[in-house]
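Chemist: Need coordinates for the below:
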Amino acid sequence: YEGVYRSNLAIANIPGITMADALKNQYLGEAKFLRALNYFTLVNLFGAVPLVTQPLPDTDASLIARSPVADVNAVIVKDLLDAEAGLPVSFSGNNLGRATKGAARALLGKFYLYNKDYVKAEQYFNLVISSGTYSLMDNFQEVWHRSFENNKESIFEVQFADVGGSGANGRNGSFLPAVNGATGSALATKRAFDAFDPADPRRSMSIFKSGDTFAPNVSAALATFNPVWSATGYAVKKGMWPIMYVNSNGINYPLIRYADVLLMSAEAANELNKLTEARDAVNKVRSRPSVNMPLLTAADTGTKQTMFNAIVKERQAELMFEFHRFNDLRRWGLAVQELGSMGYTAKHSLFPIPQLELDINPKLTQNPGW
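Modeler: Numbering: from 1, shown residues only. Predicted coordinates:
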């Protein structure tokens, strides 16, 4: 809601500022893209949420009830259509990383995919793909590499910066094992390790296992990964390599990348019974030079169900640790099947409204089961 608040301020005030129309449209497009992104996230986590689309006069005015999901979705779509119209195709120099026309189209496609409008989802994904603006990185390990931020595969990523030396924007502390100062609070597991095809190079580029080269540049004691450093015996490697136990704050966080768009386009095509198009999109991801996995064929993905199963597996391998799978499993109706052994039940399809928010705002209601 901090992002929504800032977007609302910009959207309300920019029209009255004297500036070039192109720049005004760009800034409004960025604000509307960010408002849509925040509300898309809120709806997927909580369902119906308070809908605020203008600056409020005081804090009491924010004490409103949850709006129906359909009302929030209408704002998301309108904001993204406005953003698509107002945003440029690309940026360069110091503006690299700002929201673009491709980012708006990719998020529109994702919105329609999540809402099972596969015709519109395919339409917007195809606009991103046919634009020629994006392509896959040859080296899978460079996709999340700190030295390749805003790369040719990146469609939109959070532009982090270490403001005032607060150290709040680093990933190492959470994703690395609890050794030499890290917290190890978001570790890889054997379940994640086993989810990969053993021949898939993305496994060794995503997860540290016993005996892997770890941090020889730091010390001899950390040269080789030791499973006792981790509560699970594994650790996240994606986005962490090479290990640098130095101030690593300010590392960007990719939210939408081209491989994800290709796999979402494959899903939309498959739902429309376009198996050849779906297979071709998945194979583009599998044939990245550093991955080079065997291509899917009509023999192994000749039905809508087998193609869907292949897409499910491919998304898990390609997007491991990028925080897509929970949403994927819920929207596919597979969450109970895949996560039930870990305690997932129907109530977990939505997060609970935080108790603090319920205490502050008596007009809010709690989600079922919480």
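
Chemist: tell me the contacts of the residue with the shortest distance to the centre of the chain?
Modeler: In the chain, the C-alpha nearest the mean C-alpha coordinate belongs to residue 255, at 3.6 Å (Cα atoms, centre = their mean). Taking Cβ atoms under 8 Å, 6 or more residues apart in numbering, we find residue 255 in contact with 37, 156-158. All C-beta spots, glycine's among them, are computed from the backbone N, C-alpha and C.

Chemist: Export those residues as a markdown table, with columns for secondary structure and neighbour count.
Modeler: Below are the contacts of residue 255 laid out as a markdown table (DSSP: H, G, I helix; E, B strand; the rest coil; neighbours: other Cβ atoms under 10 Å):
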| residue | secondary structure | neighbour count |
| --- | --- | --- |
| 37 | helix | 24 |
| 156 | strand | 22 |
| 157 | strand | 19 |
| 158 | strand | 11 |
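
Chemist: As TSV, the residues you listed with distance to residue 334 would be great.
Modeler: Shown next, in TSV, are the contacts of residue 255 (distance: Cβ to Cβ, whole Å):
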residue	distance to residue 334
37	25
156	26
157	27
158	28
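
Chemist: of these, closest to residue 298?
Modeler: residue 156 (34.1 Å; Cβ to Cβ).

Chemist: Does residue 44 touch residue 114 like I think?
Modeler: Yes. In this structure, residue 44 is within contact of residue 114 by Cβ atoms under 8 Å, at 7.1 Å.

Chemist: circling back: next structured bit after the host helix or strand of the residue nearest to the centre of the chain?
Modeler: Secondary-structure assignment from DSSP states H and E places residue 255 in strand 253-257. As assigned by DSSP H and E, the chain's next helix or strand after strand 253-257 is helix 258-271.

Chemist: pLDDT of that following helix, averaged?
Modeler: Helix 258-271 carries an average pLDDT of 98.

Chemist: Outside of it itself, which residues are in contact with it?
Modeler: So helix 258-271 is contacted by 106, 109-110, 112-113, 116, 118, 121-122, 125-126, 128-129, 134-136, 143, 152-155, 275, 277-279, 281-282, 284-285, 288, 304, 307-308, 311, 314-315, 318-319, 322, 324 (Cβ under 8 Å, 6+ apart).

Chemist: buried sites along that helix?
Modeler: 258-271 (16 or more other Cβ atoms under 10 Å).

Chemist: neighbours of residue 133, just the number please.
Modeler: Using other Cβ atoms under 10 Å, residue 133 has 15 neighbouring residues.

Chemist: List the residues that contact it.
Modeler: Residue 133 touches 89-90, 100, 102, counting by Cβ under 8 Å, 6+ apart.

Chemist: do that again at 6 Å, thanks
Modeler: residue 102 (Cβ atoms under 6 Å, 6 or more residues apart in numbering).

Chemist: Also residue 366?
Modeler: Per Cβ under 6 Å, 6+ apart, neighbours of residue 366: residue 353.

Chemist: Poorly predicted segments of the stretch 201-350 of the chain, please.
Modeler: Within the stretch 201-350 of the chain, the stretches with pLDDT under 70 are 244-249.
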